[in-house]
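Peer 1: could you look at this predicted model? Sequence included:
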Amino acid sequence: MKDIYMTDYIYSRVSTKEQNLEHQTADLLSAYPNAEVVEEKASGKNVTDRPKFKELIETVTAGDKIIVRELSRLGRNTQAILELFDELESKGVAVLIKNLQIDSTSATGKMVLTIMASVATMERDIMLERQAAGITLAKEQGKFKGRKVDPKTVLKCKEAEGYIAKGMSKEKAAKASSVGIATLYRYLNKK
């Protein structure tokens, strides 16, 4: 089969700001040295919450190829991944998963990617179940402290609390203080 790809795009992603993209990008560049690189530090949970990936999807055209090191770099939700493959296929864009050496444009590639997307979803669900079990156990033992609250958020909640004391509704106070209403309610309930 003749290679018809126009532009190769490497998409490297890590989930948190503390993680490093260098190794992932270097690994892909060693195999695809002429590819354009798009890097992002964002959760793989939701495609729409990743601005650089969303921009990449809007940029690619027929004949282009998106290259990722692992399927999980695209996401961990089977339905979202399959919808993404459908969208890209309709645009004539291929996806290459390097560690599997699978191209989304072949029948075998589509089948394997569907199975792997299901496995990625299952892995995430198992991780969340373990996390929930660990939190429950830590709470029972009195060790669970939860995520640390950002001091800026506390200041915003105190500001909102002042507005509420002056007669403003909680919703308006939250908006005026640039804090989420749910965050404000949690803050007030802890007091």
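Peer 2: Arrived safely.
Peer 1: now do the helix or strand bottoming out on mean pLDDT in the chain: distance to the chain's middle.
Peer 2: Scoring the helices and strands of the chain by mean pLDDT, DSSP states H and E places strand 102-103 at the bottom, with a mean of 76. Averaging C-alpha positions (C-alpha atoms, centre = their mean, to the nearest Å) puts strand 102-103 22 Å from its chain's average.
Peer 1: that one packs against which elements?
Peer 2: If you count contacts as 3 or more C-beta pairs under 8 Å, 6 or more residues apart in numbering; DSSP states H and E, strand 102-103 packs onto strand 94-97, helix 107-140. Glycine gets a C-beta too; all of them are placed from N, C-alpha and C.
Peer 1: which parts of this structure are helices?
Peer 2: Taking DSSP state H as the test, the helices found in the chain are 22-31, 51-59, 78-91, 107-140, 151-165, 170-176, 181-190.
Peer 1: where among the helices and strands packed on strand 102-103 is the average confidence lowest?
Peer 2: Per-stretch mean pLDDT for these is lowest at helix 107-140 (a mean of 84).
Peer 1: buried set for that helix?
Peer 2: Using 16 or more other C-beta atoms under 10 Å as the test for burial, helix 107-140 gives 109, 110, 112, 113, 116, 117, 120, 121, 124.
Peer 1: OK, contacts around residue 157?
Peer 2: Counting by C-beta atoms under 8 Å, 6 or more residues apart in numbering, residue 157 touches 177, 179, 183, 184, 187, 188.
Peer 1: tell me which of those residues is nearest to residue 23?
Peer 2: residue 183 (35.3 Å; C-beta to C-beta).
Peer 1: my read: the closest one touches residue 153, true?
Peer 2: Yes - between residue 183 and residue 153 a contact is recorded at 6.3 Å, counting by C-beta atoms under 8 Å.
Peer 1: just for the protein, where's the confidence low?
Peer 2: Low-confidence segments of the chain (pLDDT under 70): 1-5, 47-48.
Peer 1: residue with max distance from the center of this structure?
Peer 2: The C-alpha centroid of the chain is most remote from residue 166, which lies 40.4 Å away (C-alpha atoms, centre = their mean).
Peer 1: distance check, it against residue 100.
Peer 2: As for residue 166, its distance to residue 100 is 60 Å (criterion: C-beta to C-beta, to the nearest Å).
Peer 1: relative to residue 44, which of the helices of the chain is closest?
Peer 2: Short answer: helix 107-140, nearest of the helices of the chain by C-beta to C-beta, at 8.4 Å.
Peer 1: elements contacting that closest one?
Peer 2: Partner elements for helix 107-140 (3+ C-beta pairs under 8 Å, 6+ apart): helix 78-91, strand 94-97, strand 102-103.
Peer 1: could you export the helices of the chain as a markdown table, including distance to residue 8?
Peer 2: Putting the helices of the chain into a markdown table (distance: least, C-beta to C-beta, whole Å) gives the following:
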| stretch | distance to residue 8 |
| --- | --- |
| helix 22-31 | 10 |
| helix 51-59 | 12 |
| helix 78-91 | 14 |
| helix 107-140 | 16 |
| helix 151-165 | 41 |
| helix 170-176 | 45 |
| helix 181-190 | 42 |
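Peer 1: please consider this matter closed, and thank you.
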